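**Student:** Sequence and predicted structure, then a few things I'm wondering about:
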Amino acid sequence: MSPPLRTSNFVLPTSIKTPIIPTHQQFVKVNAPRELDKKAICLFAATGFFLGSDTYWKDLKVLPPGTINTIDEEGFWTESTPWFKWHYNPRDISFETALEEFTLLFEQITAEQLQDKKVILPLSGGLDSRTQAVALAKLKKPVTAYSYSFKGGFSESGIGKKIAKTCGFDFKEFTIESGYLWPKLEELASINQCYSDFTHPRQMAVLEEFKKMEGTFSLGHWGDVLFDRGAPEGTTENQLLDIILKKIVKKGGIELANALWQEWGLESDFESYLRERIVALLNKIEIENPSAKLRAFKSLYWAPRWTSVNLSVFEAAHPISLPYYDDRMCEFICTVPEEYLADRKLQIAYIKQQNPALAKITWQDHRPFNLYTFEKNISPNNLPYRIGNKLKRELKSKIGKPYIQRNWELQFLGMENDEKLQHWLFSENLHPFISKPLLAKFYNNFKTVDAVRYSHPLSMLLTLAVWRKNLYNG
C-alpha cells in the first residue's frame with residue numbers, strides 16, 4: 001500500500017507546520033489522478049531520493065520544510081506558506097564570538113533534547129559525532145557509544161573506541177556482515193516505505209542489537225553540511241547547477257533514468273527535466289552568496305528527502321534527537337560568515353578548546369592525522385601512509401580477502417548475494433512495470449562492465465522491486 005497519512009492530517013480542516021529540516025516525511029493528498037508519477041520515479045532512480053514534494057504517486061505529496069500548510073475539509077493539501085526562508089545575513093562578529101555562540105547554543109540544544117535521559121551515541125571517525133561527544137561529556141550525560149565497521153574494511157570502530165574511552169562512555173562495537181540486507185529487506189521497506197535505496201542504511205544490520213540498548217539516540221546528521229563551505233571557493237552562481245548535478249546524481253544514475261524514461265515513453269527527455277526541476281528550485285532561494293545558497297538547497301531538498309528517510313530505522317528501536325536539525329541551529333547558521341563555517345573551522349575549534357584529548361585522536365578523513373595535524377595531509381607528508389595502506393589492501397585482495405569500502409559490496413558481491421539479487425530483480429512482480437531486457441542490461445553491466453558504476457542502478461532497481469511487491473497498490 002502507499003504511505004499512510006499521519007494521524008494529524010485527519011483533523012480537518014487543519015494547518016500543519018513543518019520544521020526547517022523535518023525528521024519525518026508528512027504525506028498529504030492532492031486533488032490529482034491516482035497515477036504513478038513516472039517522471040518523479042526516474043529522478044529517484046538517478047539520485048536515490050525524491051525531489052521537492054514528489055512521491056511515487058501524482059495524488060500523494062510530502063509537505064515542504066519550513067512551511068505552514070492548509071488541509072481542506074475534503075482532506076486535500078491546498079496551500080503552503082513559508083514561515084522560514086534560508087538566507088545569508090552574516091553578522092560583523094569575530095571568530096571567537098561565533099565560537100562562543102556556537103558552544104552555548106550547541107550545548108543548550110543537546111541538554112534540552114536529552115534532558116535526563118540515557119544517551120545512545122553513534123561514533124564515527126569524523127567531526128559531527130565527536131563534537132557531540134564533547135558536549136555530552138561536558139554535560140556529564142550517561143552515554144553508551146557504539147561504532148560499526150564493514151567486515152574486511154577500515155576499522156572505524158577503532159577511532160570510536162578511543163573517543164569513547166577518552167570521554168568515559170560505555171562502548172559497543174558492531175561489524176556489518178556480508179549479505180545482512182536480504183533477510184531484512186521487507187522489514188526495511190515497512191520502515192522507510194522504499195523512499196531510499198536499500199544499500200545505505202547499514203544501521204539496519206544491527207537493529208536488533210539497538211533494541212537491546214537503553215536510551216535516546218543522539219544523531220549527528222547534517223553537521224557536515226551546516227558546518228562546512230557549501231560550495232568550493234570561487235564558485236559563481238552560474239556554476240551551481242552543475243555542482244548540484246555532480247553531487248546528487250549517482251554514478252550510472254542518469255543512464256538508468258534515461259532508460260526508464262524511454263521505456264515508459266515520457267515526453268521530452270530526462271536530463272532536460274532534471275535540469276529544469278533543479279533550476280526552478282534554485283530560483284526560489286533568495287541568496288546571492290553561492291556557498292550559502294548551495295547549503296540552503298541541500299538543507300531544503302536533500303536533508304528531508306534522503307538523510308531524514310532512514311532516521312526511521314533508528315526510531316524503530318528508540319527515540320531520536322538531532323542537535324544539528326534544531327531550528328535554532330539553522331537560524332544561527334544563516335548569520336555566521338561563510339569564512340567561519342568553511343573547512344569545519346567552528347567544530348574543530350570547539351573540540352580543541354573544550355576537549356583537547358579528543359582533538360588528538362585520528363580524524364578519519366585525514367588519517368593518520370588529527371585535528372592538530374590534518375593540514376599536513378598533503379604530499380609528500382601523507383605518502384608513507386597512503387603507500388602502506390594501498391599495499392595492505394592489495395595484499396588482502398591477493399589472499400582472497402578484498403578490502404570492503406562501500407556498503408553495496410557487502411550486498412551484491414559473492415555467489416550467495418548474487419543469487420538473492422537475481423531473485424528480486426527478475427521475479428515476476430516487477431514486470432511489466434520494468435522490462436526484463438532493461439533489468440538484464442543493467443545487471444549484466446554490473447557483472448561484466450563496471451561494478452562501481454552500475455552498483456547504484458542495481459540498488460535502485462532492487463528498491464523498486466521491493467516497493468512493487470510490498471507497497472504498490474495501483
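**Tutor:** Now that the structure is in, tell me what you want to look at.
**Student:** Tell me which residues touch residue 322, please.
**Tutor:** Residue 322 makes contact with 23, 113, 218-222, 311, according to CB atoms under 8 Å, 6 or more residues apart in numbering. (C-beta placed from N, C-alpha, C; glycine too.)
**Student:** what's the spacing between it and residue 347?
**Tutor:** According to CB to CB, to the nearest Å, residue 322 stands 16 Å off from residue 347.
**Student:** Can I get the contacts of residue 322 in TSV including pLDDT?
**Tutor:** Converted to TSV, the contacts of residue 322 look like this (pLDDT from 0 to 100):
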residue	pLDDT
23	97
113	97
218	98
219	97
220	96
221	96
222	96
311	95
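**Student:** wait, which of those is closest to residue 419?
**Tutor:** residue 311 (31.5 Å; CB to CB).
**Student:** and the closest one, what is it in contact with?
**Tutor:** Taking CB under 8 Å, 6+ apart, we find residue 311 in contact with 23-24, 219, 221, 320, 322.
**Student:** For this structure, just list every one of the strands.
**Tutor:** 14-17, 27-29, 60-62, 67-71, 77-82, 119-122, 143-150, 170-176, 216-218, 320-321 (DSSP state E).
**Student:** got those strands as JSON lines, with distance to residue 102 and mean neighbour count columns?
**Tutor:** Formatted as JSON lines, the strands of the chain follow (distance: least, CB to CB, whole Å; neighbours: other CB atoms under 10 Å):
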{"stretch": "strand 14-17", "distance to residue 102": "26", "mean neighbour count": "14"}
{"stretch": "strand 27-29", "distance to residue 102": "35", "mean neighbour count": "20"}
{"stretch": "strand 60-62", "distance to residue 102": "31", "mean neighbour count": "22"}
{"stretch": "strand 67-71", "distance to residue 102": "27", "mean neighbour count": "18"}
{"stretch": "strand 77-82", "distance to residue 102": "26", "mean neighbour count": "14"}
{"stretch": "strand 119-122", "distance to residue 102": "19", "mean neighbour count": "24"}
{"stretch": "strand 143-150", "distance to residue 102": "21", "mean neighbour count": "22"}
{"stretch": "strand 170-176", "distance to residue 102": "27", "mean neighbour count": "17"}
{"stretch": "strand 216-218", "distance to residue 102": "17", "mean neighbour count": "21"}
{"stretch": "strand 320-321", "distance to residue 102": "18", "mean neighbour count": "20"}
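**Student:** any chance of those in TSV, plus distance to residue 88?
**Tutor:** Converted to TSV, those look like this (distance: least, CB to CB, whole Å):
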stretch	distance to residue 88
strand 14-17	24
strand 27-29	30
strand 60-62	26
strand 67-71	20
strand 77-82	16
strand 119-122	31
strand 143-150	35
strand 170-176	39
strand 216-218	28
strand 320-321	27
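**Student:** Of all the ones you listed, which one comes closest to residue 38?
**Tutor:** Of all the strands of the chain, strand 60-62 sits nearest to residue 38, with 14.1 Å by CB to CB.
**Student:** Touching that closest one from outside, list them.
**Tutor:** 2-3, 25-30, 50, 53-55, 77, 304-305.
**Student:** For that strand, which strands pair with it and how are they oriented?
**Tutor:** Paired with strand 60-62 in the same sheet, following DSSP bridges, are strand 27-29 (antiparallel).
**Student:** Burial check on residue 416, number of neighbours?
**Tutor:** 11 (other CB atoms under 10 Å).
**Student:** I'd like the distance between the closest residue to it other than its chain neighbours and residue 150.
**Tutor:** Spatially, and ignoring its direct neighbours in sequence, residue 416 is nearest to residue 179 (5.9 Å; CB to CB, 6 or more residues apart in numbering). Applying CB to CB, the value for residue 179 to residue 150 is 12 Å.
**Student:** anything in contact with each of the two?
**Tutor:** Taking CB under 8 Å, 6+ apart as the contact rule, residue 179 and residue 150 both touch residue 410.
**Student:** what's the span of stretch 177-187 from first residue to last?
**Tutor:** 18 Å (CA to CA, to the nearest Å).
**Student:** Could you pull up the residues touching residue 260?
**Tutor:** Residue 260 touches 38, 41-42, 45, 270, 434, 438, counting by CB under 8 Å, 6+ apart.
**Student:** Tell me how this structure divides into domains.
**Tutor:** 7-82, 95-221+308-376, 414-470 (automatic domain parsing).
**Student:** And these: which comes nearest residue 275?
**Tutor:** The nearest among the domains of the chain, by CB to CB, is domain 7-82 at 11.2 Å.
**Student:** separation between residue 309 and residue 55?
**Tutor:** If you go by CB to CB, the gap between residue 309 and residue 55 works out to 12 Å.
**Student:** joint contacts of these two?
**Tutor:** residue 195.
**Student:** one step back: ok, the contacts of residue 311 vs residue 292, which is closest?
**Tutor:** residue 221 (19.9 Å).
**Student:** from memory that closest one sits against residue 326, does it?
**Tutor:** No: when contacts are counted by CB atoms under 8 Å, residue 221 is not listed as touching residue 326 (11.7 Å).
**Student:** Please give me every residue in contact with the nearest residue to residue 256 once chain neighbours are set aside.
**Tutor:** Once flanking residues are discounted, residue 256 sits nearest to residue 457: 4.0 Å by CB to CB, 6+ apart. Contacts of residue 457 were listed using CB under 8 Å, 6+ apart, and they are 45, 252-253, 255-256, 442, 445-446.
**Student:** go with 7 Å
**Tutor:** Residues near residue 457 by CB atoms under 7 Å, 6 or more residues apart in numbering: 252, 255-256, 442.
**Student:** follow-up on the earlier one: for the contacts of residue 260, please prepare TSV with the additional fields distance to residue 175.
**Tutor:** Below are the contacts of residue 260 laid out as TSV (distance: CB to CB, whole Å):
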residue	distance to residue 175
38	40
41	35
42	36
45	31
270	39
434	34
438	36
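**Student:** who's in contact with the nearest residue to residue 42 once chain neighbours are set aside?
**Tutor:** Ranked by CB to CB, 6+ apart and with sequence neighbours excluded, the top spatial neighbour of residue 42 is residue 257, at 4.4 Å. Contact analysis of residue 257 by CB under 7 Å, 6+ apart lists 42-43, 45-46, 270.
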